[in-house]
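> any chance you can model this:
(one chain, ligands or ions: 2)
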Amino acid sequence: MKIGIIGAGMVGGATANALVLTGAADEVVLVDALADRAVAEAEDVLHATPFGHDARVFAGGYDRLGGAEVVVLSAGVPQKPGETRLQLLGRNAEVFGAVIPQVLRAAPDCLLVVAANPVDVMTLVARRLSGLPAERVIGSGTILDTARFRACLAGHLGVAPSSVHAYVLGEHGDSEVLCWSQAAAGGVPAPSFAEQAGRPLTAEVRAAIDGDVRRAAYRIIRGKGATWYGIAGGIARIVRAIGRDERAVLTVSAVAEGLGGGRPVALSLPRIVGRDGVLMTLHPQLSEEEQTLLERSAAALREAAGGRW
Ligand SMILES: NC(=O)C1=CN([C@@H]2O[C@H](COP(=O)(O)OP(=O)(O)OC[C@H]3O[C@@H](n4cnc5c(N)ncnc54)[C@H](O)[C@@H]3O)[C@@H](O)[C@H]2O)C=CC1
Ligand SMILES: CC(=O)C(=O)O
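Ligands and ions are numbered 1, 2, ... in the order given. Predicted structure coming up:
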């Protein structure tokens, strides 16, 4: 499958690398306003292919996107230490205004996978600017937060993250909702697993895990300036689900009507992802508190989008 990546910075470069190492793509085109950056990133990633999967990796202009089935949008500014994702909206919406028409001219049948932050509002922006059906504009959303939740909970329970099922829903950001009521390991509800393992999920433990998940980006940005490996893994996972028509359930962002009333917003819910994008949205049975928090998250995103998007 041919994948385009617009924005060959930390996220775009790491995503190209994850795509070739996992075999999710057999052709990757990197496009960036800084042409030299894209060329260097493509060359570096190409050199990883003998250790992963054969793939053509190159840089170029938008004209090289012809035939791309998925285009990843990672162009834009990242957060500075202490900055929230929502503070990036104005700058990154402007970038998408320049990028999206060029993408669609070259690859009119592509699916868009949005990574730039604030990713939920940027998914709404991409949907509006592209005019594509909602199911063909997928935000990485909380796929990363869900991975963080699974990793942190697994660490506490002493079990492999792949054996933990636990979702983060709503905004990829400060108002996200960790769904403790549905968390499970090996098919056993997390509280019961924790008791059996002698590692109870006390209020303190839950608060610590919540902080580890919700504040992860802030900590990593303080430590190394930006985050990129986690999201690159998440995007490669989405691309693989599309390329292999997996119908995998992933927490990704898409424009949804009606959540909490008012204008449509994009936010994350568990969604079935396959060849044509989002095939179905699932509505998990949340506790009353989680449902309220999810509606609050939708309201925060609606407010951030303002009347404009
Ligand atoms: N969704 C998620 O979970 C995550 C999202 N991000 C977001 O991804 C975005 C990119 O982050 P980084 O790669 O760290 O930033 P970066 O600054 O390393 O890379 C951004 C790239 O976009 C390019 N660019 C800017 N304007 C452009 C335009 N008009 N046309 C083409 N290229 C353009 C820049 O030249 C630069 O190479 C940020 O908005 C960041 O917040 C980062 C990590 C996780
Ligand atoms: C930067 C960002 O959105 C993250 O790592 O969660």
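> quick check, residue 33 in a helix?
No: read with DSSP: H, G, I helix; E, B strand; the rest coil, residue 33 is coil and lies in no helix.
> not counting its neighbours along the chain, what's nearest it?
residue 75 (7.3 Å; CB to CB, 6 or more residues apart in numbering). For every residue, glycine as well, the C-beta is placed using N, CA and C.
> ditto for residue 95
Per CB to CB, 6+ apart, closest to residue 95 is residue 76, 4.7 Å.
> what about the strands in this protein?
2-6, 27-31, 56-59, 70-73, 111-114, 137-139, 164-165, 168-169, 177-178, 184-185, 188-189, 248-256, 265-274, 277-281 (DSSP state E).
> the first one - contacts with which helices or strands?
If contacts are counted by 3 or more CB pairs under 8 Å, 6 or more residues apart in numbering; DSSP states H and E, strand 2-6 sits against helix 10-22, strand 27-31, strand 70-73, helix 89-106.
> the last one: how far from the chain's middle?
I take that to be helix 89-106. In terms of CA atoms, centre = their mean, to the nearest Å, the gap separating the centre of helix 89-106 from the centre of its chain is 18 Å.
> what's that helix in contact with?
Here helix 89-106 makes contact (CB atoms under 8 Å, 6 or more residues apart in numbering) with 4, 6, 62-66, 68, 71, 73, 75-77, 110, 112, 116-118, 121-122, 125-126, 129-130, 132, 304, 309.
> so which bits of that helix are buried?
Under the neighbour-count criterion of 16 or more other CB atoms under 10 Å, helix 89-106 has 89, 92-93, 95-96, 99-100, 103-104, 106 buried.
> give me the subset of those that also touch ligand 1.
Restricting the buried residues of helix 89-106 to those touching ligand 1 (CB under 6 Å from any ligand atom) yields 92, 95, 99.
> drop anything exposed from the contacts of helix 89-106.
Counted by 16+ other CB under 10 Å, the contacts of helix 89-106 give 4, 6, 62, 64-65, 68, 71, 73, 75-76, 110, 112, 116-118, 121-122, 125-126, 129-130, 132, 304, 309 as buried.
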